[in-house]
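*Asks:* heads up, no residue letters with this:
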């Protein structure tokens, strides 16, 4: 039996899982991205203004792709849904069988969304 992998943020293996992280360029979002990348996941990072933290992660991990969406826009839900379908299609084309994709939204995105609908 081989040695277990030790990860910075726990010991969950996410090799070849496809994830979408919203609020990815903030402190919490970029830490979530790094934790997923560290475990071998493909990360699709959604940011609004500041791409710099994601560019730094891309230098270290080839499995991250970032894209800009404004979560306060009227069309955010439609845009994120279309992007998610595109991500799944690309993964399928690459031969990545992803029966259980991961979708993660940071707390700041959720709070902004709740404020938007009230």
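*Replies:* Perfect, I can see it now. A quick note: this is a predicted structure, and the numbers were derived from the prediction, not measured. Numbers count the residues shown, from 1 in each chain.

*Asks:* Give the burial count for residue 83, as a bare number.
*Replies:* The tally of other residues near residue 83 (other Cβ atoms under 10 Å) stands at 15. The C-beta positions use only the backbone N, C-alpha and C, and glycine is treated the same way.

*Asks:* quick one: it and residue 15, what's the gap?
*Replies:* Applying Cβ to Cβ, to the nearest Å, the value for residue 83 to residue 15 is 23 Å.

*Asks:* what do you get for residue 93?
*Replies:* According to Cβ to Cβ, residue 93 and residue 15 sit 19 Å apart.

*Asks:* Check the spacing between the closest residue to residue 57 other than its chain neighbours and residue 71 real quick.
*Replies:* Of all residues not flanking residue 57 in the chain, residue 64 sits nearest, at 5.4 Å (Cβ to Cβ, 6 or more residues apart in numbering). Per Cβ to Cβ, residue 64 is found 19 Å from residue 71.

*Asks:* For those two, indicate the residue with more neighbours.
*Replies:* Per other Cβ under 10 Å, whichever of residue 64 and residue 71 has more neighbours is residue 64, with 23 against 20.

*Asks:* In contact with that one, which residues?
*Replies:* 33, 37, 42, 43, 44, 45, 54, 57, 58 (Cβ atoms under 8 Å, 6 or more residues apart in numbering).

*Asks:* any chance of these in JSON lines, with distance to residue 76 and secondary structure too?
*Replies:* Formatted as JSON lines, the contacts of residue 64 follow (distance: Cβ to Cβ, whole Å; DSSP: H, G, I helix; E, B strand; the rest coil):
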{"residue": "33", "distance to residue 76": "19", "secondary structure": "helix"}
{"residue": "37", "distance to residue 76": "24", "secondary structure": "helix"}
{"residue": "42", "distance to residue 76": "22", "secondary structure": "strand"}
{"residue": "43", "distance to residue 76": "19", "secondary structure": "strand"}
{"residue": "44", "distance to residue 76": "15", "secondary structure": "strand"}
{"residue": "45", "distance to residue 76": "16", "secondary structure": "strand"}
{"residue": "54", "distance to residue 76": "19", "secondary structure": "helix"}
{"residue": "57", "distance to residue 76": "23", "secondary structure": "helix"}
{"residue": "58", "distance to residue 76": "24", "secondary structure": "helix"}
